[in-house]
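Enquirer: what's the 3D shape of this:
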Amino acid sequence: MGSPPVAREPSDQIHSIAEVLAGTFTTSAVRHILAEHSPDATGHCRGCRLPTTVAPVWPCRLWEIGKEMERLRAAGGRL
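Expert: Okay, the predicted model is just below:
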């Protein structure tokens, strides 16, 4: 399903948001976010597409937050 994610360190802001949300999002909710916010054929985020704006280039911030929540879960068994 599209190209593999771009490997990069999460910003402090993304990490902080993921930490806050980690306790409230279920595993299935995080997987849903990651599935919805996948790249389209042009490299833009499918989940961020709105009729009046151009979707951001993938990976979008929501995808990055979801991936960071997954990483936090794997590291500490939290989510």
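
Enquirer: find the nearest non-adjacent residue to the residue positioned nearest the centre of the chain, please.
Expert: By CA atoms, centre = their mean, the chain has its centre lying nearest to Trp63, at 1.4 Å. Sequence neighbours aside, His37 is the residue nearest to Trp63 in space, at 4.0 Å (criterion: CB to CB, 6 or more residues apart in numbering). For the C-beta atoms, the positions are set from N, CA and C on the backbone; glycine is no exception.

Enquirer: roughly how far apart are the one you found and Gly76?
Expert: 23 Å (CB to CB, to the nearest Å).

Enquirer: so how far is Gly66 from the most far-flung residue of the chain relative to its centre?
Expert: Most distant residue from the mean C-alpha position of the chain: Thr52, 22.0 Å away (CA atoms, centre = their mean). From Thr52 over to Gly66 the distance is 24 Å, taken as CB to CB.

Enquirer: and for the closest residue to Cys45 other than its chain neighbours, the neighbour number?
Expert: What sits nearest to Cys45 in space, not counting adjacent residues and going by CB to CB, 6+ apart, is Cys60, at 4.0 Å. Applying other CB atoms under 10 Å, we find 19 residues neighbouring Cys60.

Enquirer: with Ile14 instead?
Expert: So Ile14, with other CB under 10 Å, has 18 neighbours.

Enquirer: i'd like the first residue to be 504 from this point on
Expert: Got it, the first residue is 504 from now on, which makes the last one we talked about Ile517.

Enquirer: and His540 and Gly579? Which one has more around it.
Expert: Taking other CB under 10 Å, His540 and Gly579 do not tie; His540 has more neighbours (23 against 9).
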